[in-house]
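Colleague: Any chance you could fold what I've pasted below:
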Amino acid sequence: MYRERLSPNWWMILAIFLVVPTTVLIFFPISVLVGVVTGVVLWIGSVGALWWFSPVIEVRPGIFRAGRAQISSDHVDSIEVIDKEHARAAKGVELDARAWLVIRPWVGPVVKVVLSDTNDPTPYWLVSTKNPYALERAWKSAGN
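Modeller: The predicted structure is shown next:
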């Protein structure tokens, strides 16, 4: 079994913190305190929303789940690991427009879940993962 949440990295949380000084500048004519409080509330809300809505990647016996979608192992042909260096091309120029995407910019590597279902117009899923080799091992050890 494998499970991971594609939650934001520390640098993303730090970058979102820029909402605090921006809000202070906006509210400066009214009150600096109101600007600081509003900025901190907006920052906490933004980070909370990013975490809450982060997709979950899960491998269970017979099931692969990525975000809202899940697929039976009967319809999966293979899982290919694409490292961080080649993931940019896989998410860009090599991307098939029919692919199901669960990708996040703060997660480098991806896995390509190639589908074997002839009735499904989606050729593959492209899924961000922080541990692509662990995900691949979990898929193989789950008997899929």
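
Colleague: where's Phe64, which helix or strand?
Modeller: Here Phe64 sits within strand 63-66, counting by DSSP states H and E.

Colleague: Only the buried residues of whatever helix or strand comes next after that strand, if you could.
Modeller: Next helix or strand after strand 63-66 toward the C-terminus (DSSP H and E): strand 69-72. Buried positions in strand 69-72, judged by neighbour count with 16 or more other CB atoms under 10 Å: Ile71. For the C-beta atoms, the positions are set from N, CA and C on the backbone; glycine is no exception.

Colleague: What is the longest helix anywhere in the chain packed up against?
Modeller: Under DSSP state H, the helix in the chain containing the largest number of residues is helix 32-52. Packed against helix 32-52 by the contact rule (3 or more CB pairs under 8 Å, 6 or more residues apart in numbering; DSSP states H and E) you find helix 10-16, helix 19-27.

Colleague: Walk me through which strands the helix or strand following that helix pairs with, and which way each runs.
Modeller: Downstream of helix 32-52, the first helix or strand assigned by DSSP H and E is strand 56-60. Sheet partners assigned to strand 56-60 using DSSP bridges are listed as strand 2-5 (antiparallel), strand 63-66 (antiparallel).

Colleague: Poorly predicted segments of the protein, please.
Modeller: Along the chain, segments meeting pLDDT under 70 span 143-144.

Colleague: go again using 80 as the cut-off
Modeller: Low-confidence segments of the chain (pLDDT under 80): 142-144.

Colleague: isn't Ser73 right up against Phe64?
Modeller: Yes. The criterion here is CB atoms under 8 Å, and Ser73 meets it with Phe64 at 6.9 Å.

Colleague: more neighbours, those two?
Modeller: The residue with more neighbours, out of Ser73 and Phe64, is Phe64; 26 against 15, by other CB atoms under 10 Å.

Colleague: In contact with that one, which residues are there?
Modeller: 58, 70-71, 73, 76, 79, 113, 125, 139, 144 (CB atoms under 8 Å, 6 or more residues apart in numbering).

Colleague: swap in Met12?
Modeller: Contacts of Met12 by CB under 8 Å, 6+ apart are 50, 106.
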